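J.: here is my input, please return the structure:
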Amino acid sequence: LKFLSPCLSVSMLRSVVPACRKGSPVVIFYEERNMKISDNKNNKKMDGKKFRFAVLASDFNAVITDQLLKGCVETLQDHHVPLASIRVVRVPGAFELPLTAQTLAKTKKFHAVIALGCVIRGETPHDRYISQEAARGLGQAALNTGVPMIFGVLTPLNKKQAFARAGKGREAAEAAIQMAQIMRNTKAEVKKHG
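T.: Numbering: from 1, shown residues only. Presented below is the predicted three-dimensional model:
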């Protein structure tokens, strides 16, 4: 990461960043094309052998979450993450994912935490409260710990939709590897350039 060129005028910055106010300090980062960070999305051969992952799966709607978990662990292994570097933790439901994820992230043993669950819409608004709190809590846990939290919680309208999306555990695993790489590269660049 590098700072934008000092040749940019304040008016140019204001057009790029509308929130800029006269006299307020502004730090803007950008990516160069040749940096490793920007290569992550197109990297078909993601290598996760140097990373450790915590994978949380809720027991509620286990017929779905078991498939999410299976796909997630298989994908991590397909990308060279040793089984010894994957810690699987089962929690009762999606509501319990954020606290468990934050607790594991605070150990500093994991490069990313993957949270898997399935909250199917019901006749009452209960499902919305659960899914909203799971999303909010995981986002807050990521900010609190600096460890990426991958939101792999399905929120389908019915069981048919849930089964159709049960392969999303694979996508969650790939996102975790990408985020682990991005965080490692970003931290190295920030350290290198101060």
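
J.: got a list of what residue 167 touches?
T.: Applying CB atoms under 8 Å, 6 or more residues apart in numbering, one finds that residue 167 lies in contact with 67, 71. Heads up, the C-betas are built off the backbone N, CA and C, glycines and all.

J.: where's the longest helix anywhere in the chain relative to the chain centroid, distance-wise?
T.: With DSSP state H setting the assignment, residue counts place helix 168-193 as the longest helix in the chain. Computed by CA atoms, centre = their mean, to the nearest Å, the chain-centroid distance of helix 168-193 equals 9 Å.

J.: list the beta-bridge partners for the residue most central in space within the chain.
T.: Residue closest to the average C-alpha location in the chain (CA atoms, centre = their mean): residue 150, at 2.9 Å. Here residue 150 shows beta-bridge partners residue 114, assigned using DSSP bridges.

J.: ok, it - contacts?
T.: Taking CB under 8 Å, 6+ apart as the definition, contacts of residue 150 comprise 112, 113, 114, 115, 172, 175, 176, 179.

J.: how about a cut-off of 6 Å?
T.: Neighbour list for residue 150: 114, 172, 175, 176 [criterion: CB atoms under 6 Å, 6 or more residues apart in numbering].

J.: quick check: residue 137 vs residue 117, distance?
T.: Between residue 137 and residue 117 the distance, using CB to CB, to the nearest Å, works out to 12 Å.
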